[in-house]
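Participant: here are the coordinates; sequence isn't available:
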């Protein structure tokens, strides 16, 4: 399933760490605090637990999006980081 991860973290160190974790889990950065990635069934709780270990100065939301809904998403302009739609098969990562 596709997941959108978005955060609002005030501490620079925590924010950088959260970005690194999301990228290590195969998420692509779409905007500065918005990532899109695919997770295998049951792995979302694992990712949330990893993020909860260090994020204290803000929040992280993990939002499920079906392939069908993401396929209907509209994008205008050139994305600064990556397109909204992630690759069909992301890398397998164990943390």
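Facilitator: Great, that's in hand. Please read these numbers as outputs of a predicted model, since none were measured by experiment. Numbers count the residues shown, from 1 in each chain.

Participant: quick one: the strands in this protein, in order.
Facilitator: All strands of the chain, identified by DSSP state E, fall at 2-9, 28-31, 34-38, 58-65.

Participant: how about residues contacting the last one?
Facilitator: Read that as strand 58-65. For strand 58-65, contacts defined as CB atoms under 8 Å, 6 or more residues apart in numbering pick out 1-11, 14-15, 18, 36, 44, 47-48, 51. (C-beta placed from N, C-alpha, C; glycine too.)

Participant: could I have the buried ones of the residues you listed as ChimeraX selection syntax?
Facilitator: A single ChimeraX command is used to select the members of the contacts of strand 58-65 judged buried by 16 or more other CB atoms under 10 Å:
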select :2,3,4,5,7,9,14,15,18,36,47,51
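
Participant: picking that back up, save the strands of the chain as TSV, and put in mean pLDDT and distance to residue 77 too.
Facilitator: Output for these, formatted as TSV (pLDDT from 0 to 100; distance: least, CB to CB, whole Å):
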stretch	mean pLDDT	distance to residue 77
strand 2-9	96	19
strand 28-31	90	12
strand 34-38	92	15
strand 58-65	96	20
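
Participant: between these, which one is nearest to residue 78?
Facilitator: Nearest to residue 78 among those is strand 28-31 (12.1 Å), distances taken as CB to CB.

Participant: picking up where we left off before, pipe the strands of the chain into a markdown table and attach distance to residue 71 per row.
Facilitator: Below are the strands of the chain laid out as a markdown table (distance: least, CB to CB, whole Å):
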| stretch | distance to residue 71 |
| --- | --- |
| strand 2-9 | 10 |
| strand 28-31 | 16 |
| strand 34-38 | 13 |
| strand 58-65 | 10 |
